[in-house]
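A.B. asks: have a look; sequence and predicted model below, questions after that.
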Amino acid sequence: MDIEQIRYPIGKFERKEHYTPGETKTHIQIISAIPSKFINLLNSWSESQYDTPYRPEGWTVRQLVHHVTDSHLNFYIRFRLALTENNPTVKPFNEVLWAELPDAKTGPVELSLQLMKFVHYRAVLLLNSMSEEEFSRTFYNPESGITFTIESALAYFAWHGEHHYQQAYQLAIRNGW
């Protein structure tokens, strides 16, 4: 398996301008399932397995789980801002530096798994309550220079969770865990 396949086990994200209501519903279902998938995969792992990089020169699985939770907290907040403000500018964060902070490098995986579970519950509750019109509300990310609709950011949110889950899952398969 080449490094790009390890790095992007489900392929790179391809953003579309518009998503159908059916695609949006599928994205919400993916988001709903991500915490359980991580919990089921990681529930019997050892500390040394958590501290294994998913690829050469990549994050450890511990950092990966903390990163997913950090970024999904940001998605949830961005959706709420977009629903309550007119095209708000959101605060970017340096995910590489966040992954190097002590809590991400050494903190218990269980903390982020539980936080991820409850953030996803709240996000899914919010997303399932939204009208089709609300999914077209926007926020601006100054780091990328892109104005995102909620439906577009939701597609990325779903891809992002599955992408990182698959990185951990593929590591487990390669190592016979």
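C.D. replies: Received, thanks.

A.B. asks: correct me if wrong: Phe79 contacts Ser129.
C.D. replies: No. Contact between Phe79 and Ser129 fails when scored by Cβ atoms under 8 Å: they sit 11.4 Å apart. C-betas here are computed from N, CA, C, even on glycine.

A.B. asks: neighbour count winner among those two?
C.D. replies: Shown here are Phe79 and Ser129; by other Cβ atoms under 10 Å, Phe79 has more neighbours (22 against 8).

A.B. asks: over to that one: give its phi and psi.
C.D. replies: phi -60, psi -40 (degrees, to the nearest 10).

A.B. asks: list the contacts of it.
C.D. replies: Residues near Phe79 by Cβ atoms under 8 Å, 6 or more residues apart in numbering: 123, 126-127, 150, 153-154.

A.B. asks: confidence score at it?
C.D. replies: What the model reports as pLDDT for Phe79 is 98.

A.B. asks: ok, now Asp2?
C.D. replies: Asp2 is assigned 89 on the pLDDT scale.

A.B. asks: what does Tyr169 give?
C.D. replies: pLDDT, Tyr169: 98.

A.B. asks: I figured it hits Phe38, correct?
C.D. replies: No. The pair Tyr169 and Phe38 fails to qualify as a contact (Cβ under 8 Å) at a distance of 9.2 Å.
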